[in-house]
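Participant: from the sequence below, what's the structure:
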Amino acid sequence: MTDETPHGSLDRVIRPPGLIYDVDEYPPPLQLAILGLQYAVASAIYLVLVAIIVRHSNADAETSLKVMRIACVGLAIGTILQAIPRGPVGSGFLAPPVFSAVYLAPSLLAAEAGGMPLVFGMTLFAGAVEVCFGLMLQRLRLLITPILSGLTVLIVGLQLGLVGIGELLDVKDEHQPFFAHHLIVTTLTLAVSVYLSIWGRGVWKMTCSLLGLVVGMTGAYLVGIVGSRELDTLAAAPWFAVPVPLFFDLEFEASLIPAFLAAGIAGALRSVGVLTTCQRLNNAAWQRPDSGNLKRGVLADGLANVIGGTIGVTGMCSAPSLVGISGATGATSRVIAYAAAAFLVLFAASPKLSGFFLTVPTEVAGPLLVFTACFMIAGGMEITVSRQLGTRGTYIIGISVLLALGQDIFTGYFAALPAVVKSFTGSMLAVGLIAAIVLSLLFRFGARQRKSLPWSAALDTLTGAVDGLRAQAKNWSIPAGIADLAVSETREVMEFVRDNHMVKPDASLEAAYDGISLQLRVIYQGTEAAKLPPLRSVHLSDSGELGTEEEAVFAGLRHYLHHMAADRKEIDAKDGQVVIRLTYTL
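Facilitator: Got it, this is the predicted structure:
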């Protein structure tokens, strides 16, 4: 028999004091329109990533404009899907998607190899991966560990940063007469973003990259480095035209499957982090992640990419920056998502508005990518070391990161690999994530350690078994927070069994640890407990503030990983012997 502990589906929901419009409320029409426009503009800013992909595909001007316009439609679809409050898809939160850095590097590979049709086809594949991840969220806990989750974020940050630093430095043009202008614009863009992220307050801080884009574009226009071809294309574009989806303009390439498989997994993990933060923002009584809600939210993100790939949209996932704005402004109403989607459709209907981002030069785009990469690298490191690593964790991190970096540095070596092997090494993320998963599974062999502790109905033996478990957890170097939670909940279960279900006085407590999870078994002779007592909640200290654009992901992942422990309890009975299993994932 399995007893599922409800995550976040609490008996009570307490409205956080800082919310002006909570998730179920309807703002007045004027405020709704202003908030919807704000979120639509903030979402549209990430069209700069689409423009970078289009630029690498060498698409003509007409196709480029079509892609930018239909990209806004894709954002609107994803925004609505995520806000659906009931049914199998949608978290019901204001968590609009944006074009994500997670998909940038694989999309650039696809754009250069086969143009935009290959990007769309592989995006559809990545969306299907994310849908599968959402459907199997409970079963994939072996992969959702601090090490693998943190490594994914870290490698995506490195991958993004390398793309951005190449655009920012642009050393090939150092002898050109306009190189000084290049340095001025790149430095100004990055400096404004960094300054506001450190010394800004409230919405200024949360929109630091948007303001960096505005300042950078102003500087680029003044010094004359905005491309004349892009300006001519924008000038010739009409103010209004019905967007036409690029239905089933798809191509697929087997060699890109590992890169987009890894991107789909990374996107799903990112959604888990963002949506966990949404749960906390909307309920002051939040204790544990609502796994059902997370599943529906990940499905919404995955389905948005499946639909997006079908109509000609690049990869998206839930935006931490927009959730951060919700926390800063106190407006989390899902109705705002519908208003934002309406404005995004209006943007799609205006080639001039949506096509503006095609004019963003590399001197502006590069610094913004570096800015975002800094948060992802630091956040990934923080998640990775949030639990004690141990020797196995040290090797997993070190080898995986070195192999991922090697893929970008030793390109000739990886290009010379056999075709079958090369298909799995097409991107840094694919190399690093595959290496980390393989090493995690490999290091499980021979890692299991066991300890059996007898106890009985007598208080002193029960206390002795619990003290023995605490000492053994310390000996196994299990993180103190997980050890304290396991010891506390195990004692509650043992006392409950002793007082209600034991027939014979003798029992045992068995502990097993394999470096990834702590598994406890309470074994006794007696009657089967129909339902275990509600176990105590342990809260993770948190400032409650989302200080940067990426903090919604990292804070959410930290809370999700912390509260995964013992959310599944199993009770088996046979011939009078009852076994209660508690599993704590590290």
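
Participant: shaky segments in the stretch 51-200 of the chain?
Facilitator: Applying pLDDT under 70 to the stretch 51-200 of the chain picks out residues 141-143, 170-177.

Participant: ok, which stretches of it are helices?
Facilitator: For the stretch 51-200 of the chain, the helices defined by DSSP state H, counting those that start in this stretch cover 61-83, 104-135, 146-169, 179-199.

Participant: angle of the first one against helix 104-135?
Facilitator: To tie it back to what came earlier, the one meant is helix 61-83. For helix 61-83 against helix 104-135, the angle by axes from the mean of the first three to the mean of the last three CA atoms, to 10 degrees is 30 degrees.

Participant: where does the stretch 301-450 of the chain dip in pLDDT?
Facilitator: In the stretch 301-450 of the chain (pLDDT under 70), the answer is 328, 386-388, 445-447.

Participant: rewinding a little: between the helices of the stretch 51-200 of the chain, which gets nearest to Thr207?
Facilitator: Closest to Thr207 of the helices of the stretch 51-200 of the chain is helix 179-199 (CB to CB; 7.9 Å). Backbone N, C-alpha and C define where each C-beta goes, glycine included.

Participant: list the buried residues of that closest one.
Facilitator: By neighbour count with 16 or more other CB atoms under 10 Å, helix 179-199 contains the buried residues 181-182, 184-186, 188-190, 192-194, 196-197.

Participant: and what of stretch 412-420?
Facilitator: For stretch 412-420, by 16+ other CB under 10 Å, it's Phe414.

Participant: contacts for that stretch?
Facilitator: The contact list for stretch 412-420 (CB atoms under 8 Å, 6 or more residues apart in numbering) reads Ser255, Gly406, Gln407, Lys422, Thr425.

Participant: buried subset of the residues you listed?
Facilitator: Buried members of those, scored by 16+ other CB under 10 Å, are Gly406, Gln407, Thr425.

Participant: and the residues you listed, which is closest to Asp22?
Facilitator: Nearest to Asp22 among the buried ones among the contacts of stretch 412-420, with distances taken as CB to CB, is Gln407, at 45.3 Å.

Participant: tell me the helices and strands packed up against the one helix or strand that closest one maps to.
Facilitator: Using DSSP states H and E, Gln407 sits in helix 390-409. Judged by 3 or more CB pairs under 8 Å, 6 or more residues apart in numbering; DSSP states H and E, helix 390-409 is in contact with helix 146-169, helix 411-415, helix 428-442.

Participant: which residues sit against it?
Facilitator: 147, 151, 154-155, 158-159, 162, 384, 389, 413-414, 425, 427-429, 431-433, 435-436, 439-440, 443, 447, 477, 515.

Participant: from the chain's centre, how far out does stretch 198-208 sit?
Facilitator: 22 Å (CA atoms, centre = their mean, to the nearest Å).

Participant: same check on stretch 121-140?
Facilitator: 13 Å.

Participant: next, the buried residues of it.
Facilitator: 121-134, 137.

Participant: and stretch 46-61, by the same measure?
Facilitator: 46-57, 59, 61.

Participant: most tightly packed of the helices and strands packed on helix 390-409?
Facilitator: helix 146-169 (a mean of 24; mean count of other CB atoms under 10 Å).

Participant: output that helix as CSV, restricted to C-alpha atoms.
Facilitator: Extracted C-alpha coordinates of helix 146-169, given in CSV (Å, rounded to 0.1, in the frame of the first residue of the first chain):
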residue,chain,number,x,y,z
PRO,A,146,21.1,18.5,-6.3
ILE,A,147,24.2,17.4,-8.2
LEU,A,148,22.4,16.6,-11.5
SER,A,149,20.0,19.6,-11.2
GLY,A,150,22.8,22.0,-10.4
LEU,A,151,25.1,20.6,-13.1
THR,A,152,22.4,21.1,-15.7
VAL,A,153,22.0,24.8,-14.7
LEU,A,154,25.8,25.3,-14.5
ILE,A,155,26.5,23.8,-17.9
VAL,A,156,23.7,25.7,-19.6
GLY,A,157,25.2,28.9,-18.1
LEU,A,158,28.7,28.0,-19.4
GLN,A,159,27.2,27.2,-22.8
LEU,A,160,25.3,30.5,-22.9
GLY,A,161,28.2,32.4,-21.5
LEU,A,162,30.6,31.2,-24.2
VAL,A,163,28.1,32.2,-26.9
GLY,A,164,27.7,35.6,-25.3
ILE,A,165,31.4,36.3,-24.6
GLY,A,166,32.2,35.5,-28.2
GLU,A,167,29.7,38.2,-29.3
LEU,A,168,30.9,40.6,-26.6
LEU,A,169,34.6,40.4,-27.3
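
Participant: so what does it touch, helix or strand wise?
Facilitator: helix 104-135, helix 257-281, helix 362-384, helix 390-409, helix 428-442, helix 551-562.

Participant: Ile14 looks like it's in a helix, true?
Facilitator: No - residue state for Ile14 (DSSP: H, G, I helix; E, B strand; the rest coil) corresponds to coil; a helix is not indicated.

Participant: residues contacting it?
Facilitator: By CB under 8 Å, 6+ apart, the contact list for Ile14 reads Asn283, Ala284, Ala285.

Participant: kindly report the same for Glu251.
Facilitator: Glu251 neighbours (CB under 8 Å, 6+ apart): Gly114, Gly115, Pro117, Leu118, Phe120, Gly121.

Participant: scan the residues you listed and report the most crowded one.
Facilitator: Within the contacts of Glu251, neighbour counts (other CB atoms under 10 Å) peak at Phe120, which reaches 29 neighbours.

Participant: distance of that one relative to Leu299?
Facilitator: Counting by CB to CB, to the nearest Å, the gap from Phe120 to Leu299 is 20 Å.

Participant: which of the helices and strands packed on helix 146-169 sits most buried?
Facilitator: Highest mean neighbour count of the helices and strands packed on helix 146-169: helix 257-281, a mean of 28 (counted as mean count of other CB under 10 Å).

Participant: next secondary structure element downstream of that helix?
Facilitator: Heading C-terminal from helix 257-281 (DSSP H and E), you reach helix 291-311.

Participant: export the helix or strand Asp484 falls within to CSV, keeping only CA atoms.
Facilitator: Element membership of Asp484 [criterion: DSSP H and E] is helix 480-500. Taking C-alpha atoms only, helix 480-500 is exported to CSV below (Å, rounded to 0.1, in the frame of the first residue of the first chain):
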residue,chain,number,x,y,z
ALA,A,480,22.3,17.4,8.9
GLY,A,481,18.9,18.7,7.6
ILE,A,482,18.0,15.4,6.0
ALA,A,483,19.3,13.4,9.0
ASP,A,484,17.3,15.4,11.5
LEU,A,485,14.1,15.1,9.4
ALA,A,486,14.6,11.3,9.0
VAL,A,487,15.3,10.7,12.7
SER,A,488,12.3,12.9,13.7
GLU,A,489,9.8,11.3,11.4
THR,A,490,11.1,7.8,12.1
ARG,A,491,10.6,8.3,15.8
GLU,A,492,7.1,9.5,15.2
VAL,A,493,6.3,6.4,13.1
MET,A,494,7.8,4.1,15.7
GLU,A,495,5.9,5.7,18.6
PHE,A,496,2.7,5.5,16.5
VAL,A,497,3.2,1.8,15.8
ARG,A,498,4.1,1.0,19.4
ASP,A,499,1.0,2.7,20.7
ASN,A,500,-1.5,1.4,18.2
